[in-house]
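In: This is a predicted model, with the sequence first.
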Amino acid sequence: MGARILLVEDNAANLELVRYLLASAGHTTVLARDGREAIEAAQRLRPDLMLTDLQMPVMDGFELLRHVRQVPSLAEIPVVAITAFSMACDREAVLDAGFSGYISKPIEPETFNQTIDGFLPPELRSAAGGGRP
Ligand code: MN
């Protein structure tokens with residue numbers, strides 16, 4: 001049946017690629033361009049999963065995560081960072097901050113949805129076995 005996923009990304013090319021991949025797995029994607037937009041959308045829509053870029057205008061991914069974890073109705077939503085790591089310590093910073101996980105840029109289309117499934121409950125995972133959504 002697919003999940004409702006909030007995608008937070010200020011880069012149009014990455015946004016389109018991720019949206020395309022999620023749609024191909026039967027998920028519904030809601031878009032936000034920065035952390036502030038994302039919080040508004042999350043409160044309205046209660047997504048099953050949030051995927052967020054780290055570097056964005058207005059409110060970055062770290063600040064977004066802190067806000068989400070402080071709002072009781074949102075605190076349980078998995079939040080996954082999508083980021084281009086420049087150094088090993090960046091990975092530690094992401095996990096130390098409390099993200100549920102991370103996906104490295106550049107996105108690998110072949111494995112992307114499998115990774116996403118790992119953050120979703122079984123009934124919302126993509127139909128990887130070849131079934132219809
Ligand atoms: Mn960015």
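Out: Sure thing, it's come through.
In: so which strand or helix has H67?
Out: Using DSSP states H and E, H67 maps to helix 61-70.
In: make that M59, sorry
Out: Going by DSSP H and E, M59 is not part of any helix or strand.
In: V68 and V80 touch, don't they?
Out: No: contact status for V68 versus V80: not in contact, 11.8 Å apart, counting by Cβ atoms under 8 Å. From N, CA and C alone the C-beta is placed, and that goes for glycine too.
In: shared neighbours, these two?
Out: M50 (Cβ atoms under 8 Å, 6 or more residues apart in numbering).
In: how many neighbours does A13 have?
Out: Close neighbours of A13, defined as other Cβ atoms under 10 Å, add up to 8.
In: How much space separates L15 from Q70?
Out: Per Cβ to Cβ, to the nearest Å, L15 is found 26 Å from Q70.
In: Could you check which of the two has the larger neighbour count?
Out: Between L15 and Q70, counted using other Cβ under 10 Å, L15 has the larger neighbour count: 18 against 9.
In: show me what contacts the residue nearest to the more buried one when sequence neighbours are not counted?
Out: With Cβ to Cβ, 6 or more residues apart in numbering as the criterion, L15 has its nearest non-adjacent residue at 4.4 Å, and that residue is E9. Taking Cβ under 8 Å, 6+ apart, we find E9 in contact with 15, 18, 31, 33, 51-53, 56, 82.
In: Determine the set of other helices and strands touching the helix holding H67.
Out: On a contact count with 3 or more Cβ pairs under 8 Å, 6 or more residues apart in numbering; DSSP states H and E, helix 61-70 meets helix 35-45, strand 49-53, strand 79-83.
In: Check the offset of the last one from the chain's centre.
Out: Between the mean C-alpha point of strand 79-83 and the mean C-alpha point of its chain there is a distance of 5 Å (Cα atoms, centre = their mean, to the nearest Å).
In: Strand partners (parallel or antiparallel) of it?
Out: strand 49-53 (parallel), strand 101-104 (parallel) (DSSP bridges).
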